[in-house]
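Q: what would the 3D arrangement of this be:
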Amino acid sequence: MNAPIDVTNIRIETTRLLLRCWEKSDLQDMFEYASVPGVGEMAGWNHHKSIEESEGILNMFIEEKKTLAIVYKESGKVIGSVGIELLGPLEEIPPSFKGREIGYVLSKPYWGQGLMTEAVNAVMNYCFRELKYDFLTCAHFVRNDRSRRVIEKSGFQFLKDIEHETRYGTVEDTKLYICYNASLGWDLPRRFAKWLDKKYRR
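A: Numbering: from 1, shown residues only. The predicted model follows:
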């Protein structure tokens, strides 16, 4: 089941980053990274063709209250986002368990510096420790090896292969992962397994 989320008052700091809600003044920074070919396409959306397109997405982020801006402290620029997204269909998860899916994108000049792993880990810790989510999921296109490394470094475990329909009309082979909230006890994965055994009569 989808857990509640409202990022309006969330501020998460790491060594190099600040994660916070989006602001109208972030428009130019968003357009700067989102308009670069190959950035959005690795996450399932086309790169932005105009600043008006970025403005529409920015307004959506502000209204939906589920996506955090990633601010690089050294420059003060917004260099990407982490979304605490709605779950897709998951028959493997007991309906009484609450979680969300993590989605992310990072400005191309900042790839390969460990920044995305730093951001994802910080958001995961917040969701587990402060919001008490039971689990989080995360996914990557099979061809997106950089994203795979972020997911694995963040402690996610492979769950299943799925197909993802992108916003530009293609279908991508995708791998879906899950991470349990260890602070709720190591019995949590066994509770998932017990529920699965009952559901599928193994």
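Q: and the next element down the chain from the helix or strand harbouring residue 83?
A: Here residue 83, judged by DSSP states H and E, is contained in strand 77-85. Next helix or strand after strand 77-85 toward the C-terminus (DSSP H and E): strand 99-106.
Q: list the helices and strands that next one packs on?
A: helix 27-34, strand 77-85, helix 115-129, strand 135-141 (3 or more C-beta pairs under 8 Å, 6 or more residues apart in numbering; DSSP states H and E). C-beta here means a position set from N, CA and C on the backbone, and glycine is covered the same way.
Q: list of residues touching it?
A: When contacts are defined by C-beta atoms under 8 Å, 6 or more residues apart in numbering, strand 99-106 is touched by residues 1-3, 5, 33-34, 39-40, 42-43, 70, 79-88, 93, 115-116, 119-120, 123-124, 127, 133-139, 150.
Q: stretch 19-27 now?
A: 7-13, 51, 54-55, 58, 61-62, 65, 67-71, 78, 81-82, 119, 122-123.
Q: pLDDT value on residue 19, please?
A: For residue 19, the pLDDT comes out at 98.
Q: and for it, the neighbour number?
A: 22 (other C-beta atoms under 10 Å).
Q: that one pairs with what?
A: residue 12, residue 70 (DSSP bridges).
Q: ok, now how distant is it from residue 126?
A: 8 Å (C-beta to C-beta, to the nearest Å).
Q: list the residues that are in contact with both of those two.
A: Joint contacts of residue 19 and residue 126 (C-beta under 8 Å, 6+ apart) are 10, 12.
Q: could you look up the SS state of residue 63?
A: Classification of residue 63 by DSSP: H, G, I helix; E, B strand; the rest coil places it in helix.
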